[in-house]
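Student: Take a look and give me a structure for this.
(3 chains)
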Amino acid sequence: MPELPEVETIANGLRQGGSDGSPSLIHQAILSACVLWPRSIAEPAPSEFERRIAGQVITAIGRRAKYLVMQLSQDTLLIHLRMSGNLLVEPHNAEIPTHHRLLLFLQGGWRLAFNDTRKFGRAWLTNQPDQVLGRLGPEPLDPAFSAQEFYRRLQASRRQLKPLLLDQEFIAGLGNIYTDEALHLSKLHPLLTADQLDETQAAVLLDNIRRVLSSGIRHHGASIDWVYRNGDFQNYFLVYQRDGQPCRKCGATIQRLVVGQRGTHFCPVCQPTPEGGRPA
DNA sequence: CACGAGACCTGTTCGC
DNA sequence: TGCGAACAGGTCTCGT
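Tutor: Okay, here's the model as predicted:
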C-alpha cells in the first residue's frame, strides 16, 4: 500500500491523535510489547525486542522515505509497511484481528498495532538507524535537493526511468502509483533511459514528482482496496490502473505494460514511445 | 552495470 | 458455483 504520502499521513496521524479519541503517541510510554509474527521483526530477535522496548517513551514521530521513524528514549523504532502494512491505535483490550503482527501497549488504555496481511512489512529497534536508512537516496520533497543535482544523477544512469525512479537509492519514497503519475504529467515514456533527458525535462520531472507527492499528502494518500482506507487520492489518478480508459488529457486509451515486473500505466499519445524503443 | 526471475505472503478479482 | 490464474501500494537476492 504505502508510498511516501501514505506513510506521511500515518505519521501525522500518530503524532496528532485520531478523530476517534485516540491520543497523540508523543510522550507516551510503551509499557510492553507483543510480537505476534516473529518475522515481522527485522532486528533484534523478537524476545529481545519485547524486553528492550518496554519502558521506553516515544519522543518524536517522523518519516524518512517510506519508513516510519519513531524516536524512543533509548532507541529508534523503524517500521516499513511494504505492500500491505498499516498502523492503528486501538483500545488495549480490543479483540485482536487476524492480521495483527505486533502490539505495543501504551499508557492510558491504548495500544499501537502493526497490521500486515501479506507479512512483508518489517520493524527494526536499533540505536543506529542509519545502518537501515543510510543507503536511501535523496528525499524528493527536501528543498535542498535541486533540479541540477537530479539532472546530474539522471545523466549518470542508462537505466529506464520507471525502474530507476522506483530504486530507493536513486530517489527515496516513490512507489508504483506516484511514479506512473509523475511520468505522465511530465510526458515521459516509462521506458526512456535516464541519460536521454535534457536539463529542462529533468527539472520538469522533479517538479511533477513533487506535485504528485504533495497532492497525495493533501488527499491523505490513495486507498485502492481493503488495506489503508483513509485517503482519496485514487480519485485523481491520471493513469494508474486506468488502462483501457481514456486519457484525461487527450482521450487516447491508457495502456499497461510490465516493466521490471511492475504494472506500468501510461498514455501512448502524451508519452510517446522512445526512439528505437519497442512499441507498447 | 543493467535486467529478469524468483522469493517472501495473503487476499481479491477475473475468466472459463 | 467452482477453480485456477493473474494481480496487488515493496524489496531482496541470485543468475546472466
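Student: In contact with residue A:163, which residues?
Tutor: Contact analysis of residue A:163 by CB atoms under 8 Å, 6 or more residues apart in numbering lists A:259, A:260, A:262. Using the backbone N, CA and C atoms, a C-beta is placed for each residue, glycine as well.
Student: what mean pLDDT does the strand or helix carrying it have?
Tutor: For residue A:163, the enclosing helix or strand under DSSP states H and E is helix A:161-166. Mean pLDDT, helix A:161-166: 98.
Student: is any part of that helix close to DNA strand C?
Tutor: Yes. Helix A:161-166 reaches DNA strand C (CB under 7 Å from any atom of the strand) through residue A:166.
Student: Past that helix, which element shows up next along the chain?
Tutor: helix A:176-185.
Student: Run through the neighbouring helices and strands of that next one.
Tutor: If you count contacts as 3 or more CB pairs under 8 Å, 6 or more residues apart in numbering; DSSP states H and E, helix A:176-185 packs onto helix A:161-166, helix A:199-218, strand A:262-266.
Student: can I get those in JSON lines with distance to residue A:134?
Tutor: Shown next, in JSON lines, are the helices and strands packed on helix A:176-185 (distance: least, CB to CB, whole Å):
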{"stretch": "helix A:161-166", "distance to residue A:134": "19"}
{"stretch": "helix A:199-218", "distance to residue A:134": "22"}
{"stretch": "strand A:262-266", "distance to residue A:134": "25"}
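Student: for the ones you listed, which one sits closest to residue A:11?
Tutor: For those, proximity to residue A:11 was assessed by CB to CB; helix A:199-218 is nearest, at 10.6 Å.
Student: Just the mean pLDDT for that closest one, thanks.
Tutor: Mean pLDDT, helix A:199-218: 98.
Student: one step back: any of the contacts of residue A:163 buried? List them.
Tutor: Buried members of those, scored by 16 or more other CB atoms under 10 Å, are residue A:259.
Student: okay, the contacts of residue A:163 in TSV with distance to DNA strand C next?
Tutor: Shown next, in TSV, are the contacts of residue A:163 (distance: CB to the nearest atom of the strand, whole Å):
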residue	distance to DNA strand C
A:259	11
A:260	8
A:262	6
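Student: can you list the contacts of residue A:163 in TSV and add distance to DNA strand B and pLDDT?
Tutor: Shown next, in TSV, are the contacts of residue A:163 (distance: CB to the nearest atom of the strand, whole Å; pLDDT from 0 to 100):
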residue	distance to DNA strand B	pLDDT
A:259	7	96
A:260	5	95
A:262	10	97
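Student: and residue A:3, what does it touch?
Tutor: A:66, A:173, A:174, A:175, A:176, A:177, A:178, A:216, A:221.
Student: Next one: the second one from DNA strand C, what distance?
Tutor: Right, the one you point to is residue A:173. 8 Å (CB to the nearest atom of the strand, to the nearest Å).
Student: Setting the sequence-adjacent residues aside, check what's closest to the residue of the stretch 151-280 of chain A found nearest DNA strand C.
Tutor: Closest residue of the stretch 151-280 of chain A to DNA strand C, CB to the nearest atom of the strand: residue A:175 (1.9 Å). Leaving out its chain neighbours, the residue that sits closest to residue A:175 by CB to CB, 6 or more residues apart in numbering is residue A:3, at 3.5 Å.
Student: mind showing which ranges of chain A have poor pLDDT?
Tutor: Along chain A, the model assigns pLDDT under 70 to residues A:1, A:276-280.
Student: could you pull out the strands for it?
Tutor: For chain A, the strands defined by DSSP state E cover A:30-35, A:41-43, A:58-64, A:67-72, A:76-80, A:85-91, A:100-106, A:110-116, A:122-126, A:255-259, A:262-266.
Student: separation between residue A:77 and residue A:259?
Tutor: 34 Å (CB to CB, to the nearest Å).
Student: what's the answer for residue A:131, then?
Tutor: In this view, residue A:131 and residue A:259 are 31 Å apart by CB to CB.
Student: Contact residues of the stretch 51-200 of chain A facing DNA strand C?
Tutor: A:65-66, A:80, A:82-84, A:118, A:120, A:166, A:168, A:175-177.
Student: for the residue nearest to residue A:111 when sequence neighbours are not counted, what are its contacts?
Tutor: Spatial nearest neighbour of residue A:111, chain neighbours left out: residue A:92 (4.4 Å); criterion: CB to CB, 6+ apart. By CB under 8 Å, 6+ apart, the contact set of residue A:92 is A:105, A:106, A:109, A:110, A:111.
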